[in-house]
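*Asks:* below are the sequence and a predicted model; questions follow.
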Amino acid sequence: MSCWDTVADYALRSVGIGERLLPRADFTICQQVTLIGSGMIWNIYFGTLALLSGFFLATALAMAKAAHSPLLRKPAEWFIFVFRGSPLFIQFFFAYFLFLGLKGVFPVFSPLTSAWAGALVVLFLNTSAYSAEIFYGAMQSIPKGDIEAADAYGMSGWPRFRRIIWPTMLRLAWPAYTNEAIFLFHATALVFFSGFPATQQMGDALYYANYFADKTFNPFIPYPILACYFIMLTLTVIGLFGIVNRQLNRHLPQDRRAKIRLRPMLVR
Amino acid sequence: MFPYCSAPDTLSGLSWLSCYLTTGKHTSLYLSFLTVLVLLAVTAPVALVFGFGGASAARSRFAPLAWLGKAYIGIVRGVPDIAFFLFFVIALDQAFEYARHKIKCPDWDQPIRQGNDFVVCAAAKLPLGDAPQWVHETYGFFLAVLTFSIIFGAFAANVLYGAMQAVPQAQIETAEAYGMSHRQSFWRILVPQMWVYALPGLSNLWMVLIKATPLLFLLGVEDIVYWARELGGTKTPKFTDYPHGDWRMWYFGALLVFYLAFTKVSEVVLDRIMRRLTRGQATMGGEAQRKAAA
C-alpha cells in the first residue's frame, strides 16, 4: 500500500471521511504524518472560529471595562478575571459537565456536549477574556492628543470610536494580539484531553499523536511530527497577522511602526 | 468520621453533607490539593535553576554552549506545551530505563525496540517490578516534577536571558574597567541587578505555572482532576453509602474557585514584592514611588 493510498484513506479521517478503522499495527511514517495532519483540521477549526467570534466580544468587553458606569464595568471585570484566573483545562471540564447537566433538562443543549460546539464555546469565551484584557490595555495607552484632536474636530460617540479610538487601539494591541492568537491555537490541543469525547476517534492532531505514541510506545516519531505541524501553523499565523499589522501601521513613518515580536508561548 | 455517620442513609441536609465530605476518598481529594502545592514548591526553584543555567549558557562566549542554551530556550516556542508534557513523560522514562539497562545488563544482546515494544532487562525496570505501590506513585510524581521543571525552566531561561540583557551594558564595562574578570563581573554585577528586570516576567510565569498544575492529570498522577472526576461521578447505593447523581460539575466548579482564589492571592503577594523591590531603583516604577512619597 503506497503512501498516496494512505493519504487518500486518512487525510480527512478526523472529520469522518475515508477509512473507518485507524491503523492498528505496522505503523508507517506516512500514516502518522497523514493522520496527525488530518487532526490539524480540528485545531484550525477551533482556533479560527474562536478567534473570529472572540474578537467582537473582546472589543465589547474592553469597552465595558473602560466604561464609567459600574453596571457595565463590574461584570466585564469579573468575566475577564474568571476566565484569565483559572486554568483552561478546568474550564473545559467544568463546561463539559455543565453542558451534560443542561442536556438532561433541556435537550436543546445536546450539541454542546460534543466537542465541535461545546469546546468552541469555551475557547470563544476564553479568548474573548484574554483579548479583552489586551484591548483594554491598548485603549488605556491611546495618546491623549489623538482623543483631543477628535474632540476638536467635533467628533463624539460612535464616529469618534469608529474612526479614532478603535483603529488606534487595534494598532497598539496588534503585536500582543498576535501572541494571543498563537496561544489560542496551541490551547486547542487541550480539547480532546479534557472531557469532550472524540466520537468515532475523530480527534485533533494531539489526539492522533497520542494514539500513535500509546500504540508504538515510541514518542520520538509522532510528537516531532506534531511539533512540525504546529510550527508551520504558528508561522502562518504570524505571517497573516503581519499583513494586517502592516495595514494598521501604514500611515506611520517607517521607524515608528510597531513590530511583532514573538513571545515565548505560555500555558493557559 | 463523626460518630453520627455510622448510618448515612438516615441522615439528611447538613449532617449528611458533613459525613459525605469527610469520607476516606474525600480525604484523598484534600491530600491531592497538597500534591499540587508540593509540585509548585518543588518545581518553582528547580525550574529557576534550569532557567538560570539555560540563560547563562545562552550568553556564553563558547559557541556550542551558547547554541545549546538558545536551542533550549527556542525549542518550547511554537509547539503546544501539552505536547511536551505528553512527550517528556514517556521520553524521560525510556531514557532512564535505557541508561540503567546499559549499565546493569551489559551482556543483554537483544534489541531494546522490538517492533512496538520497549524491552529492557528486569533489573533495569523503573520502578522495579516488585516495588510497593508508593514507590510507583513517587516515581510518577518525580517524572512529573522533572517534566514541569524542564518546560518551565525554558520559559524561565527566556525571562532571565531578557533580564540579563536589560542590565545596562555600562555596568559591565565599568566592572571590567575595574579589572574584574568575566566571571567576577557576571556574579557580582550582572546577577544581583537582573532580578528587578526579571521579576515581572517571573511573576507572570508563576501565574502560568499555577494554571498548568491540572495538567498533572495527563501525566498519570492522581491529582485533583482525577479525584474530582472519580468522586463526582454518579454513585449507586450498591457500591457506596452515599449515593448521588452526576456531581462532577460541582466538583469542577469547586476546583475553578480554588484556582481563582489561588491566583488572586498570588497576584496580591507578588504586587507587594514588586513594590518592595522597586523601592529606590532607577526605573520608572521606582521613580513613580519616589514622586508619590514626595
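*Replies:* Right, received. Where do you want to start? Residues are numbered from 1 along each chain as shown, chains lettered A, B, ... in the order given.

*Asks:* what is the neighbour count of residue B:13?
*Replies:* Residues lying near residue B:13 (other CB atoms under 10 Å in any protein chain shown) number 7. Backbone N, C-alpha and C define where each C-beta goes, glycine included.

*Asks:* can you report phi and psi for it?
*Replies:* The phi/psi pair for residue B:13 (degrees, to the nearest 10) reads phi 60, psi -140.

*Asks:* quick one: it from residue B:154, how far?
*Replies:* Summarising the geometry, the distance separating residue B:13 from residue B:154, computed by CB to CB, to the nearest Å, is 51 Å.

*Asks:* so where do the helices sit in the stretch 51-200 of chain B?
*Replies:* Taking DSSP state H, counting those that start in this stretch to define them, one finds helices in the stretch 51-200 of chain B at B:63-75, B:81-104, B:133-166, B:169-177, B:182-185, B:191-212.

*Asks:* rebuild those as JSON lines, extending it with mean pLDDT.
*Replies:* Output for those, formatted as JSON lines (pLDDT from 0 to 100):
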{"stretch": "helix B:63-75", "mean pLDDT": "84"}
{"stretch": "helix B:81-104", "mean pLDDT": "82"}
{"stretch": "helix B:133-166", "mean pLDDT": "86"}
{"stretch": "helix B:169-177", "mean pLDDT": "89"}
{"stretch": "helix B:182-185", "mean pLDDT": "88"}
{"stretch": "helix B:191-212", "mean pLDDT": "85"}
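
*Asks:* quick one, what contacts residue 79?
*Replies:* Answering for chain A, as no chain was given. The neighbours of residue A:79, taking CB atoms under 8 Å, 6 or more residues apart in numbering or on different chains as the test, are A:61, A:129, A:132.

*Asks:* you answered for a different chain; I wanted chain B.
*Replies:* Residue B:79 sits next to A:186, A:226, A:227, A:230, A:231, A:265 when contact means CB under 8 Å, 6+ apart.

*Asks:* how much distance is there from the strand or helix carrying the fifth one to the middle of the chain?
*Replies:* Residue A:231 is part of helix A:222-248, with elements assigned from DSSP states H and E. For helix A:222-248, the gap between its own C-alpha mean and the chain's C-alpha mean amounts to 13 Å (CA atoms, centre = their mean, to the nearest Å).

*Asks:* can you check stretch A:92-106 too?
*Replies:* With CA atoms, centre = their mean as the basis, the distance from the averaged C-alpha position of stretch A:92-106 to the chain average is 22 Å.

*Asks:* next step: the contacts of residue A:79 restricted to helices.
*Replies:* Using DSSP state H, A:61, A:129, A:132 are the members of the contacts of residue A:79 that sit in helices.

*Asks:* the second one: neighbour count?
*Replies:* If you count neighbours by other CB under 10 Å, residue A:129 ends up with 20.

*Asks:* chain A contacts on the stretch 151-294 of chain B?
*Replies:* Residues of the stretch 151-294 of chain B that fall close to chain A, judged by CB under 8 Å from any CB of the partner chain: B:154-155, B:158, B:204-205, B:208-215, B:217-218, B:225, B:228-229, B:232, B:246, B:248-249, B:252-253, B:255-256, B:259-260, B:263-264.

*Asks:* selecting buried members of those in PyMOL, what would you type?
*Replies:* Paste this into PyMOL to select the buried members of those, with burial taken from 16 or more other CB atoms under 10 Å in any protein chain shown:
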select buried, chain B and resi 154+155+158+205+208+209+210+211+212+213+214+215+217+218+225+228+229+232+248+249+252+253+255+256+259+260+263
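
*Asks:* next one: phi and psi at residue B:181?
*Replies:* phi -80, psi 170.

*Asks:* quick one, what contacts residue A:195?
*Replies:* Contact partners of residue A:195, counting by CB under 8 Å, 6+ apart, are A:92, A:93, A:96, A:97.

*Asks:* need the three-state assignment for it.
*Replies:* Each residue gets one of three states, and residue A:195 gets coil by DSSP: H, G, I helix; E, B strand; the rest coil.

*Asks:* nearest residue to it other than its sequence neighbours?
*Replies:* residue A:96 (3.7 Å; CB to CB, 6 or more residues apart in numbering or on different chains).

*Asks:* relative to residue A:187, how far out is the one you found?
*Replies:* Going from residue A:96 to residue A:187 by CB to CB gives 15 Å.

*Asks:* same check, this time on residue B:252
*Replies:* From residue B:252 over to residue A:187 the distance is 18 Å, taken as CB to CB.

*Asks:* between the contacts of residue A:195, which has the most around it?
*Replies:* Counting neighbours by other CB under 10 Å, residue A:93 comes out on top of the contacts of residue A:195 with 28 neighbours.

*Asks:* pull out the buried positions in the strand or helix carrying that residue.
*Replies:* Using DSSP H and E, the element containing residue A:93 is helix A:88-105. Residues of helix A:88-105 classed as buried: A:88-103 (neighbour count, 16+ other CB under 10 Å).

*Asks:* who are the packing partners of it?
*Replies:* Contact partners of helix A:88-105 among helices and strands, from 3 or more CB pairs under 8 Å, 6 or more residues apart in numbering or on different chains; DSSP states H and E: helix A:115-140, helix B:224-232, helix B:248-278.

*Asks:* list the contacts of residue 246.
*Replies:* I'll assume chain A. Contact criterion CB under 8 Å, 6+ apart gives residue A:257 as the residues in contact with residue A:246.

*Asks:* oops, I was thinking of chain B
*Replies:* For residue B:246, the set of contacting residues under the criterion of CB under 8 Å, 6+ apart consists of A:97, A:100, A:101, B:232, B:233, B:234.

*Asks:* from residue B:152, how far off is residue B:199?
*Replies:* In terms of CB to CB, residue B:199 sits 16 Å off from residue B:152.
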